[in-house]
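Student: Predicted structure and sequence below. I'll ask about it afterward.
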Amino acid sequence: MSDKKEKVKLLVEKRKINGSKVKLLRKQAILPANIYGRKVKSLAVQVDLKAFLPILKETGETGLVELKVKGEDKIRPVLIHNVQYHAVNDEPLHADFYQVDLKEKVTTKIPVELVSESPAVKNKIGILIQPLNEIEVEALPTDLPEKIEVNISSLEKINDAVLLKEVKLDTGVKVLSDVNQILVKIDPPAKEEEVAPVEEEVKEGEEEKEEGKEGEEVAEEEKETPRSEEKKEKTKAEVERKEPGKEEEKPKE
């Protein structure tokens, strides 16, 4: 099952600024872009970012856009391709417009969108796995679907799956991907990892603290011992100095 998007219009202007100077355009909320295609001469253009964003959201890279270049009379049918984004704020930095011939088929990848709800997931019997997120197809530009919807309401137990060949597409859309691939399936729930008892960890921590205290006490003893011994030696020496100083009794004559 698929969903077609209607064509939308977008106005662009020819671009005279190139290279590193395009930063000046971005500061003015203008997106640098290029038009290219088979038998089409490449053209540097620029588009208002505020006008571009909603169209990108609506069509993605599969919806047909009627591109009007300011100063030209002819409408260019294009697909939005190769959008580059800023690493931090995720804002578009550059885009390509692939001009197509409405009478010639094109090859592109269509995103897969899951619809409905799986009883297996709802009842916590298993977890949902989606190995395939895009499907490569061939079709006329006007026949390209925006997305391919996959109903998962039939997935009730472990190992239930939906294969690509089970999905119905509109007439004129040819699937190029392997039709025997699994789009989505139900796997057994993940096993919980065993966690060591907290009491043992606390006990070990307390033992380490006690050992640390003992080490501190031993260190203090080692620091104090030389001073104590020195004090004892000093006291002993004082006693010895005093004893020889006593007057010896003279022998009676």
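Tutor: Received, thanks.
Student: quick one: low-confidence ranges for the protein?
Tutor: Applying pLDDT under 70 to the chain flags residues 1-7, 192-253.
Student: at 90 instead, please
Tutor: Of all residues in the chain, those with pLDDT under 90 make up the ranges 1-8, 18-20, 38-39, 60-63, 145-146, 170-171, 190-253.
Student: Centroid-nearest residue for it?
Tutor: In the chain, the centroid-proximal residue (C-alpha atoms, centre = their mean) is residue 87; its distance is 11.2 Å.
Student: how close does that one sit to residue 18?
Tutor: 22 Å (C-beta to C-beta, to the nearest Å). Using the backbone N, CA and C atoms, a C-beta is placed for each residue, glycine as well.
Student: quick one on the thing from earlier: contact partners for the residue nearest to the centre of the chain?
Tutor: Under the criterion of C-beta atoms under 8 Å, 6 or more residues apart in numbering, residue 87 has no neighbours.
Student: Next, it: secondary structure please.
Tutor: coil (DSSP: H, G, I helix; E, B strand; the rest coil).
Student: go on, residue 102?
Tutor: Going by three-state DSSP: residue 102 is coil.
Student: Next, give phi and psi for residue 88.
Tutor: Residue 88 adopts backbone torsions of phi -100, psi -60, taken as degrees, to the nearest 10.
Student: how near is it to residue 105?
Tutor: Counting by C-beta to C-beta, the gap from residue 88 to residue 105 is 39 Å.
Student: Between the two, tell me which one has more neighbours.
Tutor: residue 105 (16 against 6; other C-beta atoms under 10 Å).
Student: Domain parsing of this structure, as residue ranges.
Tutor: Domain assignment for the chain by automatic domain parsing gives 2-99, 106-187.
Student: Okay, helices next: where are they in the stretch 101-250 of the chain?
Tutor: 119-122, 198-242 (DSSP state H, counting those that start in this stretch).
Student: how many neighbours does the nearest residue to residue 119 once chain neighbours are set aside have?
Tutor: Nearest non-adjacent residue to residue 119, counting by C-beta to C-beta, 6 or more residues apart in numbering: residue 156, 4.6 Å away. Counted with other C-beta under 10 Å, the neighbours of residue 156 add up to 15.
Student: do residue 29 as well
Tutor: 12.
Student: OK, contacts around it?
Tutor: 48-50.
Student: For the strand or helix carrying residue 80, list every residue counted as buried.
Tutor: In the assignment (DSSP states H and E), residue 80 maps to strand 76-85. Burial within strand 76-85, assessed by neighbour count using 16 or more other C-beta atoms under 10 Å, is assigned to 76-80, 83.
Student: Cheers, nothing more for now.
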